[in-house]
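K.L.:
okay, structure incoming, though there's no sequence with it:
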């Protein structure tokens, strides 16, 4: 099968190979064609075509395959439309648990749709919040495509925020074995709001760090808690780092 997801967007042959994909309605639901979630159902317009083709963010997928074991509890922070929520639920199995945290309404609608389509509602707890180092109302900036967002003082949206410590130690959610975070530069704030959980449970982290300053902040915080970074998890075209 032609691996369309890895064809470059800025080359003529990449654009030519993708032309037929434009004919697929964005609301269409298709089975994922390859990879560990083969056969799971996905909404075409939720993210990129690579999601249902099955080659979306392969570097990060490999980290999940290595870290998420049957029975694990996974926190998917910045769950977006639920791609890694589905992957986590698949890998953790019926005895596992996934906590999907997402603040944006458009993403939440698609996330819940994907859980229903794949009969995973009972395995996933959806938390309608941003994740930070404080609880309460925060300003949020939403990108035009509504797929990405970031905490900013001048953001146009107000969202409710929570912390990892509050979710686990006060609200009674199961402690995480693995935390995936892709929250557009707020990773440091998330880690500062998870210090008690980190000390007590030492979960593994799959972090997408947005920019060198955010990456160094995460390194410093997690090194202080005794974590080591897995160099093989880093890729020149990706900002993913794994901490154990």
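P.N.:
Ah, there it is. Note that this is a predicted model, so its numbers are computed, not measured.
K.L.:
for the rest of this, base every contact and every neighbour count on C-alpha atoms.
P.N.:
Will do.
K.L.:
tally of neighbours for residue 22?
P.N.:
Neighbour count for residue 22, taken as other Cα atoms under 10 Å: 9.
K.L.:
quickly list the domain ranges of this protein.
P.N.:
The chain breaks down into these domains under automatic domain parsing: 1-56, 57-243.
K.L.:
point out the most buried one among those.
P.N.:
For the domains of the chain, average neighbour numbers computed from mean count of other Cα atoms under 10 Å are highest in domain 57-243, which has a mean of 18.
K.L.:
can you give me the end-to-end distance of that one?
P.N.:
18 Å (Cα to Cα, to the nearest Å).
K.L.:
how about stretch 29-37?
P.N.:
End-to-end distance for stretch 29-37: 14 Å, by Cα to Cα.
K.L.:
run the chain-centre distance for that stretch.
P.N.:
18 Å (Cα atoms, centre = their mean, to the nearest Å).
K.L.:
about what we covered before: looking at the domains of the chain, which one has the lowest mean pLDDT?
P.N.:
Within these, confidence is poorest for domain 1-56, with a mean of 77 (mean pLDDT).
K.L.:
next up, phi/psi of the nearest residue to residue 173 once chain neighbours are set aside, please.
P.N.:
Leaving aside its chain neighbours, residue 173 sits nearest to residue 167 (5.8 Å; criterion: Cα to Cα, 6 or more residues apart in numbering). Main-chain torsions, residue 167, degrees, to the nearest 10: phi -60, psi -40.
K.L.:
show me what contacts residue 190?
P.N.:
With contact set as Cα atoms under 8 Å, 6 or more residues apart in numbering, residue 190 has these partners: 131, 132, 133, 163, 164.
K.L.:
7 Å - rerun?
P.N.:
Residues in contact with residue 190 (Cα atoms under 7 Å, 6 or more residues apart in numbering) are 131, 132, 133, 163.
K.L.:
same check on residue 74?
P.N.:
88, 97, 98, 99, 176, 177, 178, 179.
K.L.:
and the closest residue to the fifth one other than its chain neighbours, its phi and psi?
P.N.:
What that stands for is residue 176. Leaving aside its sequence neighbours, residue 176 sits nearest to residue 73 (Cα to Cα, 6+ apart; 5.0 Å). The phi/psi pair for residue 73 (degrees, to the nearest 10) reads phi -110, psi 120.
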